[in-house]
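Asker: coords below, sequence missing:
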């Protein structure tokens with residue numbers, strides 16, 4: 001198995017190389033599909049800023065291949081996009097040479113449609129060339145084009161990342177105003193589209209400098225050999241050295257192309273049929289159409305050597321085998337994903353029930369091999385080139401993750417922490433990473449306990465019942481005080497009665 005990046009993307013094999021990174025075929029464990037993953041090779045601030053700009057681009061169009069998601073793992077970053085297996089326009093020209101006019105018009109119409117969607121978002125591509133225009137593997141059916149690689153694209157009005165005396169792009173596909181230091185604009189992309197169309201019609205890279213000089217000195221020339229006059233009028237409108245005389249929008253050029261196609265002669269029955277086949281090559285033996293395959297059974301010879309990923313050699317489609325070789329399923333049966341599949345029904349053998357499967361640490365991904373000659377111009381270059389660095393930054397080896405230890409509660413099983421009068425119970429969702437955790441005593445029975453240690457309910461002392469006491473006698477004044485007081489009261493009563501009788505008489 002390959003290296004799993006950020007716990008989601010499993011890198012399988014390299015399929016291309018760009019100006020700032022290598023492109024891998026990868027398996028997305030979350031969406032369960034194959035994707036193309038562009039892994040950044042450098043980590044300097046300038047490259048990271050371009051990487052952030054590229055991954056932030058979100059354009060949903062059938063003829064645009066924009067980034068879909070991104071991930072970071074330690075000092076490495078990548079973003080993913082749809083996996084397009086038909087190669088680039090450079091592959092088609094390498095296989096067939098000059099293409100038929102109607103086939104070129106179909107590709108040119110799709111390219112202009114995708115470019116119109118890009119320009120509608122205010123983005124200037126700045127690096128349109130055959131190596132950045134990919135094709136789906138449609139066979140002999142209608143071709144399906146995807147505009148890719150937005151590594152040096154920028155929105156109009158954004159600050160430039162290059163100095164004033166430098167121009168960024170690919171030599172041979174610069175518009176004349178770019179060489180004069182003008183700000184990136186949409187007509188510069190349309191000029192590159194015209195050069196790509198000439199490349200498809202002639203089967204070789206056009207001489208942009210000589211073409212501009214001829215247009216400037218003699219005006220619009222006649223149609224070159226092999227290019228129909230209606231189609232040449234559209235291409236001449238794209239190739240005008242003066243951006244004001246050029247098509248201003250991709251939509252306008254597309255309308256002119258639609259009119260020109262109606263004037264083209266019908267295709268000849270003897271014309272060669274162009275087939276767009278798979279250029280990536282078959283999957284390694286450890287992967288199938290539905291993802292990673294199940295490990296080999298214990299009885300097979302491969303199981304005595306190691307896991308399924310080491311049962312056979314992995315062949316790089318760029319170093320061995322024809323790139324158009326069809327994919328064949330070596331196992332002869334359906335593939336099963338090891339994360340969702342259940343063991344087959346039947347009697348269990350001793351080896352399958354007692355012997356655990358071998359575990360191996362994920363091996364680092366292999367170094368991408370240099371691509372073929374047709375993919376050598378997939379990067380962007382500075383003109384003039386900036387001073388070369390003394391050495392490239394080395395990436396630190398990724399440390400193996402330490403084994404996780406069992407969680408131990410911060411208090412002993414019999415200890416009751418002091419009660420805190422919180423308004424709400426404390427949040428224990430980050431208990432494993434928090435340095436200090438506070439708990440309430442009454443929530444202790446619901447907190448996590450150490451694995452393997454049964455929870456013990458803390459003993460709470462019951463209040464002791466008060467002892468029964470007999471009612472105490474009420475103590476009055478002593479007799480030697482009571483008797484004189486009573487006698488005095490009686491005497492006062494008698495005097496009062498006597499006084500009343502004297503008043504009446």
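Answerer: Yep, that arrived. In this text the structure is predicted, and so the values were computed from the model without any measurement.
Asker: low-confidence stretches in this structure?
Answerer: Judged by pLDDT under 70, the chain has its weakly predicted residues at 1, 18-19, 42-47, 49-50, 53-55, 159-167, 295-475, 505.
Asker: which residue ranges of it form helices?
Answerer: Shown for the chain, the helices assigned by DSSP state H span residues 45-55, 89-96, 101-120, 176-179, 186-202, 208-218, 229-238, 250-262, 350-354, 479-504.
Asker: which neighbouring elements make contact with the shortest one?
Answerer: Meaning helix 176-179. The criterion is 3 or more CB pairs under 8 Å, 6 or more residues apart in numbering; DSSP states H and E, and the helices and strands that helix 176-179 contacts are strand 167-169, helix 186-202. (C-beta placed from N, C-alpha, C; glycine too.)
Asker: list the buried residues of it.
Answerer: Using 16 or more other CB atoms under 10 Å as the test for burial, helix 176-179 gives 176, 177, 178.
Asker: of the residues you listed, closest to residue 234?
Answerer: Proximity of those to residue 234 (CB to CB) peaks at residue 176, which lies at 19.2 Å.
Asker: apart from its neighbours in sequence, what residue is nearest the closest one?
Answerer: Leaving aside its sequence neighbours, residue 176 sits nearest to residue 241 (CB to CB, 6 or more residues apart in numbering; 4.8 Å).
Asker: quick one, what contacts the one you found?
Answerer: With contacts defined as CB atoms under 8 Å, 6 or more residues apart in numbering, the neighbours of residue 241 are 176, 212, 215, 216.
Asker: distance of the first one relative to residue 201?
Answerer: If you measure residue 176 against residue 201 using CB to CB, to the nearest Å, the figure is 21 Å.
Asker: try the third one
Answerer: Separation of residue 215 from residue 201 (CB to CB): 17 Å.
Asker: who has more neighbours, the two?
Answerer: When neighbours are counted by other CB atoms under 10 Å, residue 215 and residue 201 differ, and residue 201 comes out ahead with 23 against 18.
Asker: OK, contacts around the nearest residue to that one once chain neighbours are set aside?
Answerer: When the adjacent residues along the chain are set aside, residue 201 lies closest to residue 227, with 5.2 Å between them (CB to CB, 6+ apart). By CB under 8 Å, 6+ apart, the residues touching residue 227 are 101, 201, 202, 235.
Asker: how many other residues sit next to the third one?
Answerer: Translated: residue 202. A count of nearby residues for residue 202, using other CB under 10 Å, gives 17.
Asker: so it touches residue 223, yeah?
Answerer: No - in this structure, residue 202 is not within contact of residue 223 by CB atoms under 8 Å, at 12.0 Å.
Asker: quick one on the thing from earlier: any chance of the helices and strands packed on helix 176-179 in TSV, plus distance to residue 22?
Answerer: Written out in TSV, the entries for the helices and strands packed on helix 176-179 read as follows (distance: least, CB to CB, whole Å):
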stretch	distance to residue 22
strand 167-169	20
helix 186-202	24
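Asker: wait, which of these is closest to residue 287?
Answerer: Closest to residue 287 of these is helix 186-202 (CB to CB; 33.9 Å).
Asker: okay, the angle between that closest one and helix 250-262?
Answerer: Interaxial angle of helix 186-202 relative to helix 250-262 (axes from the mean of the first three to the mean of the last three CA atoms, to 10 degrees): 30 degrees.
Asker: gap between the two ends of stretch 20-36?
Answerer: Stretch 20-36 has an end-to-end distance of 15 Å (criterion: CA to CA, to the nearest Å).
Asker: mind listing what's buried in it?
Answerer: By neighbour count on 16+ other CB under 10 Å, the buried set for stretch 20-36 is 20-29, 34-36.
Asker: check stretch 264-283 too.
Answerer: Result for stretch 264-283 [16+ other CB under 10 Å]: buried residues 274, 275, 276, 277, 278, 279, 280, 281, 282, 283.
Asker: nearest to residue 113, of the residues you listed?
Answerer: Within the set of those, residue 276 lies nearest residue 113; the separation is 17.9 Å, counting by CB to CB.
Asker: you'd agree that closest one is up against residue 138?
Answerer: Yes - counting by CB under 8 Å, residue 276 does reach residue 138; the two are 5.2 Å apart.
Asker: for those two, list the residues in contact with both.
Answerer: Between them, residue 276 and residue 138 share the contacting residues residue 86, judged by CB under 8 Å, 6+ apart.
Asker: ok, residue 486 - how many residues close by?
Answerer: Residues lying near residue 486 (other CB under 10 Å) number 10.
Asker: which residues touch it?
Answerer: No contacts exist for residue 486 under CB under 8 Å, 6+ apart.
Asker: state the distance from it to residue 498.
Answerer: Counting by CB to CB, the gap between residue 486 and residue 498 amounts to 19 Å.
Asker: how close does the spatially closest residue to residue 216 that is not a sequence neighbour sit to residue 194?
Answerer: Distances taken as CB to CB, 6+ apart put residue 241 closest to residue 216, at 5.5 Å, once the chain neighbours are dropped. Using CB to CB, one gets 11 Å for the distance from residue 241 to residue 194.
Asker: cool, residue 121 as well?
Answerer: When distances are taken as CB to CB, residue 121 and residue 194 turn out to be 22 Å apart.
Asker: then residue 259?
Answerer: Distance of residue 259 to residue 194, given as CB to CB: 17 Å.
Asker: higher neighbour count, those two?
Answerer: Neighbour totals were compared for residue 259 and residue 194, and residue 194 leads with 26 against 11 (other CB under 10 Å).
Asker: isn't the more buried one right up against residue 238?
Answerer: Yes - with the criterion set as CB under 8 Å, residue 194 and residue 238 qualify as a contacting pair; they are 3.1 Å apart.
Asker: joint contacts of those two?
Answerer: Taking CB under 8 Å, 6+ apart as the criterion, residue 194 and residue 238 do not both touch any residue.
Asker: skipping its backbone neighbours, what lies nearest residue 240 in space?
Answerer: Distances taken as CB to CB, 6+ apart place residue 246 nearest to residue 240, at 4.4 Å, with adjacent residues excluded.
Asker: scratch that, residue 267 is what I was asking about
Answerer: The spatially closest residue to residue 267, leaving aside those adjacent along the chain, is residue 102, at 5.6 Å (CB to CB, 6+ apart).
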